[in-house]
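Q: Coordinates for the following, if possible.
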Amino acid sequence: CFYFLHLSSSLSNMQIVRIGLLMVLTLSAFRVSAFTVGRCQRLRTVIISSFSSVSGTIYSVTEQDAPTVRLFTKEGCTLCDTVKETLESLRDEIPHSLEAIDITDDGNKIWYGKYKYDIPVLHVGEQYWIKHRITVEEAKQGLYEAKLGSFKRRSGEPDAGEMERRQEARRKS
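A: Residues are numbered from 1 along each chain as shown. A predicted model of the protein is given here:
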């Protein structure tokens, strides 16, 4: 089970679920000790429950010129919950919609490759805004800029894949 968990980061969610279930069934068929089977059955439960997608609209507004903020997140991200609370506290003052993008969903491999070490990451529309934390003041400034049409992509957008490629190149040289 340890090796499976170690390798799971490079597999899709469905592949992980299938492999986990196959492991449990195989161990059960060979009557492996109850302790081992129990551990893997718990693993199956963890695998299935930990891959429920959090993608979707968190809230939306009807104003046509209201900006849409995209929150790149995954299940269990407590920093993401704090960012959501900060943005939601400004929902009436500066109308905006908030949409969650689960980076672990099968269709979001590009986002996972970029943001796996840095969630939460926020975009205004398609433009990078900020990562990790946001204060009420930073949120107000960004949302006002977006509402006025003057929002500009910020520097510092994370890219885990690029960072890993540079590290590998340094290791090889």
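Q: Name the SS class of Ala171, please.
A: Wrong residue type there; residue 171 is Arg, not Ala. Taking DSSP: H, G, I helix; E, B strand; the rest coil as the rule, one finds Arg171 in the helix state.
Q: can you offset everything so residue one is 51?
A: Sure, I'll start counting at 51 from here, so that last one is Arg221.
Q: Check the burial of it by counting its neighbours.
A: 7 (other C-beta atoms under 10 Å). Backbone N, C-alpha and C define where each C-beta goes, glycine included.
Q: give me the beta-bridge partners of Tyr109?
A: Leu148 (DSSP bridges).
Q: chain center to the helix or strand where Glu187 lies: distance?
A: Glu187 is part of helix 186-198 when elements are defined by DSSP states H and E. Taking C-alpha atoms, centre = their mean, to the nearest Å, one finds helix 186-198 lying 23 Å from the centre of the chain it belongs to.
Q: before we move on, what about stretch 163-178?
A: For stretch 163-178, the distance to the chain centre is 9 Å (C-alpha atoms, centre = their mean).
Q: Just the terminal-to-terminal distance for it.
A: 15 Å (C-alpha to C-alpha, to the nearest Å).
Q: Then stretch 201-210?
A: Terminal-residue distance, stretch 201-210 (C-alpha to C-alpha): 25 Å.
Q: Give me the residue at the spatial middle of the protein.
A: Residue closest to the average C-alpha location in the chain (C-alpha atoms, centre = their mean): Thr123, at 2.8 Å.
Q: Beta-bridge partners for that one, please?
A: Asp152.
Q: was I right about it contacting Asp152?
A: Yes - judged on C-beta atoms under 8 Å, Thr123 makes contact with Asp152 at a distance of 6.3 Å.
Q: Give the residues shared as contacts by those two.
A: Val104 (C-beta atoms under 8 Å, 6 or more residues apart in numbering).
Q: Fine by me, we can end here.
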